[in-house]
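> sequence plus the predicted model coming up.
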Amino acid sequence: MKTRALVLVLTLLLTGCIIFDKKSEAVTFHQLAAPAAAATRTGPTVFVPRAIIPSALRRPNVVLLDDTGWVRVEDAHRWIAPLDRAIAEAAARHVTAISGLPAATQSPAEDHLILLLTVDKMEIFAPAGAGRSLFSLPGTAPSPDTATLQVSYRLEKSDGSLVSAKTLSQARPLKERSPTAFAQAQAANLAALCAEIAPSLPAALPSK
């Protein structure tokens, strides 16, 4: 009986233990930088719902894709928020900073505009070469690699009527083959794309 009781006590104690692997690699979190800005114009709120993103990117890890379809999932590098939400939040801040119009990631109650974003490509294009396979990070070779972001957007009124729609693309060179450089380049690409979208937004309404 005493032995059985001792086993039960040990089992209860061990159940609450968490074993940390000292060899576990630290995780670095990345985000799509965007300025914090307040609305400066009287106009409709721009509602930016979560972006539609490729299935390979629907994970917390930073995923690097090349032009041949190879994928590398970076376990030690993760987005600070789900990528579809992070893109929408960054785009909303850019819209306000560029246009002065209020933007939100939650649907407003009043009449508003809806900016729908579909990410067609969020990739690294690397020069083809013999024996190339998955990226080796960080890279040591000269870096003619480019980070490409292609987005199809649709701007609608809250009643569903179309204001404008277009597919836009931006690309910029990477300083190095690293998740940090990738996140920085894609943040800059998104900012440039939002600057292209901004002229589609309506003019300011007269002040009351």
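Happy to help now that I have it.

> output the contacting helices and strands for the helix ranked longest in the chain.
Scanning the chain for the longest helix, with DSSP state H as the assignment, gives helix 179-197. In terms of contacts (3 or more CB pairs under 8 Å, 6 or more residues apart in numbering; DSSP states H and E), helix 179-197 is packed against strand 28-30, strand 61-65, strand 71-79, helix 83-99, strand 112-125, strand 146-157, strand 162-173. In this view, the C-beta of every residue, glycine as well, is placed from N, C-alpha and C.

> would you turn the ones you listed into a markdown table with distance to Thr40?
Formatted as a markdown table, those follow (distance: least, CB to CB, whole Å):
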| stretch | distance to Thr40 |
| --- | --- |
| strand 28-30 | 29 |
| strand 61-65 | 34 |
| strand 71-79 | 30 |
| helix 83-99 | 8 |
| strand 112-125 | 17 |
| strand 146-157 | 20 |
| strand 162-173 | 21 |
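
> how about those in TSV, adding mean pLDDT and distance to Pro44?
What follows is the helices and strands packed on helix 179-197, written out as TSV (pLDDT from 0 to 100; distance: least, CB to CB, whole Å):
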stretch	mean pLDDT	distance to Pro44
strand 28-30	91	32
strand 61-65	77	35
strand 71-79	82	30
helix 83-99	95	11
strand 112-125	90	5
strand 146-157	93	8
strand 162-173	94	10
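
> who wins for proximity to Thr105 among the ones you listed?
helix 83-99 (5.3 Å; CB to CB).

> what is the helix or strand following the closest one packed up against?
Next helix or strand after helix 83-99 toward the C-terminus (DSSP states H and E): strand 103-104. Other helices and strands packing on strand 103-104, by 3+ CB pairs under 8 Å, 6+ apart, are strand 45-47, helix 83-99.

> closest one to Ser158 among these?
Here strand 45-47 is closest among those (CB to CB), at 7.9 Å.

> can you pull the contacts of the nearest residue to Phe182 once chain neighbours are set aside?
Distances taken as CB to CB, 6 or more residues apart in numbering place Ala147 nearest to Phe182, at 5.8 Å, with adjacent residues excluded. Contact partners of Ala147, counting by CB atoms under 8 Å, 6 or more residues apart in numbering, are 123-124, 171-174, 181-182, 185-186, 189.

> buried among the residues you listed? Make that a ChimeraX selection.
Selecting only the buried entries of the contacts of Ala147 in ChimeraX, with 16 or more other CB atoms under 10 Å as the criterion:
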select :123,124,174,181,182,185,186,189
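
> which of the contacts of Ala147 sits closest to Ala39?
Asn189 (24.4 Å).

> my guess is that closest one contacts Arg172, does it?
Yes: in terms of CB atoms under 8 Å, Asn189 counts as a neighbour of Arg172; the distance is 6.2 Å.
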